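[1] only geometry, no sequence info:
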């Protein structure tokens with residue numbers, strides 16, 4: 001079975017977002033406050049991109065197996081991603097104390113950007129899926 005249109009759209013859009021935010025963020029650092037650029041900066045976009053790939057794979061698998069629980073699955077994934085993000089951010093800050101402030105501010109800004117995108121994408125995708133389902137029921 002091939003990749004779903006939803007998954008393909010998510011991967012394409014999230015990759016574009018990661019590149020734009022990652023490159024844009026690096027440009028902002030270098031242009032306006034190069035003294036605050038930190039070695040771990042590239043890890044932030046990579047972390048959110050990999051997290052997005054994991055999330056879309058879980059969502060697609062759950063959609064096939066238990067479509068009636070998609071809201072619960074999505075919310076559980078958000079909570080898990082938040083907990084993992086806080087845990088990893090704390091570990092990074094403990095390991096690299098001199099970069100902690102710049103890292104946390106950048107990480108939080110990126111987290112909010114990706115949270116907004118993920119929320120918009122998944123609720124739009126589910127809403128569109130519901131509309132198509134109702135349309136198919138009316139036609140049948």
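    Okay, I see it. Fair warning: this is a prediction, and the values are worked out from it, not measured in the lab.
[2] burial of residue 49, as a residue count?
    18 (other C-beta atoms under 10 Å). To be clear about C-beta, it is placed using only N, CA and C from the backbone, and glycine gets the same treatment.
[3] so residue 39 is in which element?
    Under the criterion DSSP states H and E, no helix or strand holds residue 39.
[4] could I get the pLDDT score of the closest residue to residue 126 other than its chain neighbours?
    Of all residues not flanking residue 126 in the chain, residue 70 sits nearest, at 6.0 Å (C-beta to C-beta, 6 or more residues apart in numbering). Note for residue 70: predicted pLDDT of 85.
[5] show me where the protein has its helices.
    5-32, 43-65, 70-95, 100-139 (DSSP state H).
[6] just the ones you listed: most buried one?
    helix 43-65 (a mean of 17; mean count of other C-beta atoms under 10 Å).
[7] local confidence estimate at the closest residue to residue 85 other than its chain neighbours?
    The shortest distance from residue 85 to any residue other than its chain neighbours is 6.1 Å, reached at residue 111 (C-beta to C-beta, 6+ apart). What the model reports for residue 111 is a pLDDT of 96.
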